[in-house]
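the following comprises the amino acid sequence and a computationally predicted model.
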Amino acid sequence: MQNISEIEELIKLISKLPGLGPKSAKRIVLKLINNREELIKPMAKNLAEIYKDISRCKNCGSLKSNSKGCDGCENNKNKFNKICVVENLADKWSIESSSVYQGYFHILGGTLSSLNNEKKEDLLIDSLVERVKKENVDEVILATSATVEGQTTAFYIQDSLKNTKVKISKLAQGLPVGGEIENLDDGTLISAFKNRKNF
């Protein structure tokens, strides 16, 4: 790339995205440079708008528009009595696409031991407890991954909810040990939801 610092920096940034390494990042950067008007200009504008207007809801953890508010919290016409707790937005999207679950979601934003420099409060466990107390919630479904981090987080959430009367369930086996929700097929997800058990 002729050691142009701006290009090298862009390659480094793109290679940090999931599933991309330096070679893929170089191909993407070349594609962008060769299609400046069709790709770079609208992408830069869109990224700036997302940076300015999209943030994480401090109540449910979903993405929200700063100008319109959170659809999941404010504009939900359906009244559910269940909250499914997931680690990240990709997990929520996977469960939604399987159509196996109808209810509210609570997106933690990670797991306890994968937080690195983030604070434990960033996981929104306190806001989950508040939602259970304020909303008419009968069941909290823990849909954390079958990894050590996911299980540790699930036990911590169970402990945090011990003073509420809510039923706590965990997705059934069929989730492979060490498996992550977003990588599961619809059949496995459906089985895990239907056969969930008290936690």
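Arrived safely, thanks for sending.

from Glu37, how far out is the residue nearest the centre of the chain?
The centre of the chain sits closest to Asn88, judged by Cα atoms, centre = their mean, with a distance of 1.6 Å. Per Cβ to Cβ, to the nearest Å, Asn88 is found 34 Å from Glu37. (Glycine included, C-beta is placed from N, CA and C.)

on that earlier part again, show me what contacts the residue nearest to the centre of the chain?
Counting by Cβ atoms under 8 Å, 6 or more residues apart in numbering, Asn88 makes contact with 107-110, 182.

in this protein, where is pLDDT below threshold?
1-2, 75-78, 114-121, 173-179, 187, 191, 195, 197, 199 (pLDDT under 70).

just so I have it, where are all the strands in it?
Taking DSSP state E as the test, the strands found in the chain are 54-56, 63-65, 82-86, 104-107, 139-142, 167-170, 197-198.

what's in contact with the third one?
Residues from elsewhere that reach strand 82-86, judged by Cβ under 8 Å, 6+ apart: 92, 95, 101, 103-108, 128, 131-132, 135, 137-144, 157, 181.

show me where the protein has helices.
For the chain, applying DSSP state H gives helices covering 5-14, 22-34, 41-53, 71-74, 89-98, 125-134, 148-160, 186-194.

okay, those helices in CSV with distance to Gly61 next?
Compiled in CSV, the helices of the chain are given as follows (distance: least, Cβ to Cβ, whole Å):
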stretch, distance to Gly61
helix 5-14, 25
helix 22-34, 29
helix 41-53, 17
helix 71-74, 9
helix 89-98, 8
helix 125-134, 8
helix 148-160, 13
helix 186-194, 20
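
Leu171: which of these is closest?
helix 186-194 (4.0 Å; Cβ to Cβ).

buried sites along the closest one?
188-193 (16 or more other Cβ atoms under 10 Å).

now the two most distant members of those.
The span of those, defined through Cβ to Cβ, is set by Thr188 and Phe193 at 9.8 Å.

from the contacts of strand 82-86, list the buried ones, please.
Among these, the ones that count as buried by 16+ other Cβ under 10 Å are 92, 95, 101, 104-108, 128, 131-132, 137, 139-144, 157, 181.
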